[in-house]
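Visitor: Fold the following.
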Amino acid sequence: MSFQLYDLRVEVVVPEGDDRRILCGAKPGDYFEVRGEMISFPENQAFSMYSLGAVLPLLPAKQRCRDKNDWMWTDGLVACPDPNCPTKLKIIRLGIREFQHDETTVVALQEE
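Guide: Numbers count the residues shown, from 1 in each chain. Below you'll find the predicted structure:
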């Protein structure tokens, strides 16, 4: 049995015209990607653990969302947890990847 998950890119954006100083150590355009359960960062690029903490709980839902009426489908900006920092993390769906149930867990599927 197989299932599908979206690959994601999480990118730092700053609202146009907002000239406040960035406090989380990020630069506009910094990003990381999620493929399955794996997070990959470009070489020589890091993210604040507080910024990661703000976005990580949303990523599994953004990977699985199918109903286009669900707010998870449309809402993709997460504010930096520092209220004085202008950055936002934009969650972007890249494409769909297929996984096999038995390759991701030892728990067998149960018939309903």
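
Visitor: going forward, measure contacts and count neighbours with C-alpha atoms only.
Guide: Noted.

Visitor: any idea how far residue 79 is from residue 59?
Guide: In this view, residue 59 and residue 79 are 14 Å apart by Cα to Cα, to the nearest Å.

Visitor: I meant to write residue 65 there.
Guide: From residue 65 to residue 79 the distance is 21 Å (Cα to Cα).

Visitor: Looking at these two, which is more packed in?
Guide: Neighbour count, other Cα atoms under 10 Å: between residue 65 and residue 79, residue 79 has more, with 18 against 15.

Visitor: In the sheet, which residues pair with the more buried one? Tell me.
Guide: Beta-bridge partners of residue 79, counted by DSSP bridges, are residue 88.

Visitor: That one: what's it in contact with?
Guide: With contacts defined as Cα atoms under 8 Å, 6 or more residues apart in numbering, the neighbours of residue 79 are 54, 86-89.

Visitor: Send over stretch 57-64 as CSV, restricted to the C-alpha atoms.
Guide: Extracted in CSV, the C-alpha atoms of stretch 57-64 (Å, rounded to 0.1, in the frame of the first residue of the first chain):
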residue,chain,number,x,y,z
PRO,A,57,4.4,21.6,13.8
LEU,A,58,2.6,22.7,10.6
LEU,A,59,4.8,20.8,8.1
PRO,A,60,3.2,17.3,8.4
ALA,A,61,-0.2,18.8,7.8
LYS,A,62,1.0,20.9,4.9
GLN,A,63,2.4,17.7,3.4
ARG,A,64,-0.9,15.8,3.6
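
Visitor: which parts of that stretch are buried?
Guide: By neighbour count on 16 or more other Cα atoms under 10 Å, the buried set for stretch 57-64 is 59, 62-64.

Visitor: now do stretch 92-111
Guide: Per 16+ other Cα under 10 Å, stretch 92-111 contains these buried residues: 92-93, 96.

Visitor: Tell me if I am right that residue 61 is in a helix.
Guide: Yes: per DSSP: H, G, I helix; E, B strand; the rest coil, residue 61 lies within a helix segment.
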